[in-house]
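**Q** Pasting the sequence and the predicted coordinates here, then a few questions.
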Amino acid sequence: VTSEQQREELLAAVQEVQTFLEEDSDRDLKTYQAHEEKISQHTQAIQERQRELEKRPDTAKYVETVLEKITEAKAHIEEKMSWVAADKVEKAWNKTEEFKAWWEKKSAAQADVPDHEAPVYMTESVKEKAKEQVKIWDELRKTDKPKEKKEKPKKDKDKKKDKKDKKDKKKKDKKKKQEE
């Protein structure tokens, strides 16, 4: 993950610090920290490129898996979850297509970049973008089916009306008998 020039620069910095350590008699903390920072500038970049290089294959597999699962989720929603609004599914799919295009562009660009140069993408940012896609589709998959409105049979109303009519009729009959 380093070029010949980068290795030469690091070696020169290390030799400078080594010479300093052999000759220094002042033992000033700030000077030590400045030399440590000089070495760290070189090593941090190298370590970052190394970590990204190691993580890149797993990240690519992760993105491919996410895109496959999203495709399956879309098919499931369209086939078996008709209550999910088609415009929401279409909007989510458009976002997925944008992510997929972005990923293909970044992945292709990374393939053209030598390992000793800064990465085109950071694996963590790619995983975060993929997780955003998963979250969108999870929300759609969790859309509850609306409850069907139950229509009360008219018979119930008619029965209540009939009972009321019977009571009214009984009352009238009683009144008539009392009047007689």
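**A** Cool, got the structure.

**Q** Mind jotting down where the helices sit in this protein?
**A** When assigned using DSSP state H, the helices of the chain occupy the ranges 4-23, 29-80, 86-112, 123-141, 154-179.

**Q** so which of the ones you listed gets nearest residue 147?
**A** Using Cβ to Cβ as the measure, helix 29-80 is the one of the helices of the chain that comes nearest residue 147, at 17.6 Å. All C-beta spots, glycine's among them, are computed from the backbone N, C-alpha and C.

**Q** could you say what helices and strands the closest one packs with?
**A** Packed against helix 29-80, as judged by 3 or more Cβ pairs under 8 Å, 6 or more residues apart in numbering; DSSP states H and E, are the following elements: helix 4-23, helix 86-112, helix 123-141.

**Q** what does the first one contact?
**A** The contact list for helix 4-23 (Cβ atoms under 8 Å, 6 or more residues apart in numbering) reads 2, 31, 35-36, 38-39, 42-43, 46, 116.

**Q** Between which two of the residues you listed is the distance greatest?
**A** Among those, the pair separated by the greatest distance (Cβ to Cβ) is 31 and 116, at 30.3 Å.

**Q** Distance-wise, check residue 127 relative to residue 58.
**A** Plainly put, residue 127 is 9 Å away from residue 58 if you go by Cβ to Cβ, to the nearest Å.

**Q** which one of those two has more residues nearby?
**A** Under the criterion of other Cβ atoms under 10 Å, the comparison of residue 127 against residue 58 puts residue 127 first, with 16 against 11.
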